[in-house]
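Pasting the sequence and the predicted coordinates here, then a few questions.
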Amino acid sequence: MLQQEMWVRERMSMNDLTFRVYIGDMDPELLTFLKRYVDSFTKVDLLRFFHNNPHTIDTVENIAHYAGRDQETVQRELDQLATRGLLEKTLLGQMVVYALVDNPQLRKQLADFVTASNDPQFRIRLIYYLVKGGHF
Amino acid sequence: MQQSERVRTGIPGLDEMLNGGFLPRTANLVEGAPGCGKTTLGMQFIYHGAQAGEPGLILTFEQFPQQYYRDAASFGWDFRALEKQGLLKVVMSSPEVALADLERFNGKIARLIHEMQAQRILVESLSHFERMSREPRELRTLLYSFFNALKREGLVALLTRETYVLLGDEESEDADQTNLGFLVDSYTLLRYVEIESAIRRAIIVLKMRGSAHDKRIRQFAIGSQGMVVQDTFRGREGIMSGNPRQMAESFVKAFIRR
């Protein structure tokens, strides 16, 4: 029992160390953005796509085509981003279309995230975060 | 029509061909082979408007906005700066979404047009509408509706369309496709012309509804500052080719046989 507890404590401390190394000094606003919107590599792609093409209005099919990802995955991720308030999902006739919400504050957070993700150090942290399943 | 009511393209030589520029609230088609200068012409039209304080929109069905920024930068046109100043927006969408959005009341594109008080739009390219219907009559109806929506928003629209012939003497594969000429207010053709083993670029305004226009075929060049329409070929006929008959045949192949 004692050995098991020690093993758990050791693992926790390792995790804490890893956490400190990778995430510890991350900008709190970026970390909040990550926790709220980013939990997969596809979402990273989609966030970059909408940042670079902020006036895109299109269907899942076309967005998947632009992003070079499979439609089923993109559908799921777009829906999640819409539920979390980053995208606007609209019924247009018989089509469902997605667009970035027209919220300057949110767009700035997205821009900060994309700028940060151009930094190799941040990308390593981002990958660590995503590999961990988007949870700390 | 007074000169002041014209919307100038800002392209040296082209405005003179258009008797001062496009007319307000019109749909203007520019057709040509890939790489012959349609996008440059369109970007220059948007850039000139922005420089004159007339905001413009680029509605693209094929190129990513970054490609426009990059291509424009090669001519010294800072599209990113124009975006920051609210003089330009690049909307990436698809024909079916853009049409449906414009048809509904207060759609996203219409809101954007109102917010930025856009006066010009470049649409690239109408060729993508062709995937919406294989039935020419239905396609014409869709395009007619699209053009009217742009006019309703008070825009002067420059619409590009690819032709799949590089030179005039090739058979056109899309000859039986929708003829857009009669749907639009003006119709300009860009062509490669082969003259004595050299490829040159030629432009002709085939139609301009409600206005006189230059009907001559002119040369044009794309240089470091964009497109410049030059003199007619006729003026250079005797100087450069020394063979007027060959020149005439090239023109017939490029424009008339189609």
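That came through fine.

How about the residues of the stretch 51-200 of chain B by chain A?
B:64-66, B:89-94, B:96-98, B:100-101, B:104, B:107-109, B:112 (Cβ under 8 Å from any Cβ of the partner chain). C-betas here are computed from N, CA, C, even on glycine.

Report the buried members of those.
Among those, the ones that count as buried by 16 or more other Cβ atoms under 10 Å in any protein chain shown are B:64-65, B:89-94, B:96-98, B:100-101, B:107-109, B:112.

wait, doesn't residue B:39 sit right on residue B:70?
No: here residue B:39 does not reach residue B:70: they are 11.7 Å apart, not a contact under Cβ atoms under 8 Å.

Who has more neighbours out of the two?
Ranked by neighbour count (other Cβ atoms under 10 Å in any protein chain shown), residue B:39 and residue B:70 place residue B:39 first, with 24 against 12.

what's near enough to touch the residue most central in space within chain A?
Nearest to the geometric centre of chain A sits residue A:38, at 1.6 Å (Cα atoms, centre = their mean). Neighbouring residues of residue A:38 by Cβ atoms under 8 Å, 6 or more residues apart in numbering or on different chains: A:44, A:47, A:113, A:126, A:129, A:130, A:134.

could those be laid out in JSON lines, adding distance to chain B?
Shown next, in JSON lines, are these (distance: Cβ to the nearest Cβ, whole Å):
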{"residue": "A:44", "distance to chain B": "17"}
{"residue": "A:47", "distance to chain B": "16"}
{"residue": "A:113", "distance to chain B": "18"}
{"residue": "A:126", "distance to chain B": "22"}
{"residue": "A:129", "distance to chain B": "27"}
{"residue": "A:130", "distance to chain B": "25"}
{"residue": "A:134", "distance to chain B": "28"}
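
Narrow the residues you listed to those that are buried.
A:44, A:47, A:113, A:126, A:129, A:130.

can you confirm the last one is in a strand?
Read it as residue A:130. No: according to DSSP: H, G, I helix; E, B strand; the rest coil, the state of residue A:130 is helix, so it is not within a strand.

Give me the pLDDT value at the closest residue to it other than its chain neighbours.
Nearest residue to residue A:130, sequence neighbours excluded (Cβ to Cβ, 6 or more residues apart in numbering or on different chains): residue A:41, at 6.0 Å. In this model, residue A:41 is scored at 90, pLDDT.

what's the burial count for residue A:41?
Residue A:41 has 15 neighbouring residues, counting by other Cβ under 10 Å.

Tell me the spacing between it and residue B:152.
Note on residue A:41: its distance to residue B:152, by Cβ to Cβ, to the nearest Å, is 42 Å.

cool, and residue B:86?
According to Cβ to Cβ, residue B:86 stands 22 Å off from residue B:152.

ok, now residue B:192?
36 Å.

Tell me which of these two has more neighbours.
The residue with more neighbours, out of residue B:192 and residue B:152, is residue B:192; 18 against 11, by other Cβ under 10 Å.

what about dumping the CA coordinates of the helix or strand harbouring the more buried one to CSV?
For residue B:192, the element it lies in under DSSP states H and E is strand B:186-195. What follows is strand B:186-195, C-alpha atoms only, in CSV (Å, rounded to 0.1, in the frame of the first residue of the first chain):
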residue,chain,number,x,y,z
SER,B,186,-20.1,44.8,-70.3
TYR,B,187,-18.1,42.0,-71.7
THR,B,188,-14.3,42.2,-72.1
LEU,B,189,-12.1,39.5,-73.6
LEU,B,190,-8.5,38.9,-72.8
ARG,B,191,-6.6,36.8,-75.3
TYR,B,192,-3.1,35.5,-76.0
VAL,B,193,-2.3,36.2,-79.6
GLU,B,194,0.6,34.5,-81.4
ILE,B,195,2.3,36.8,-83.8
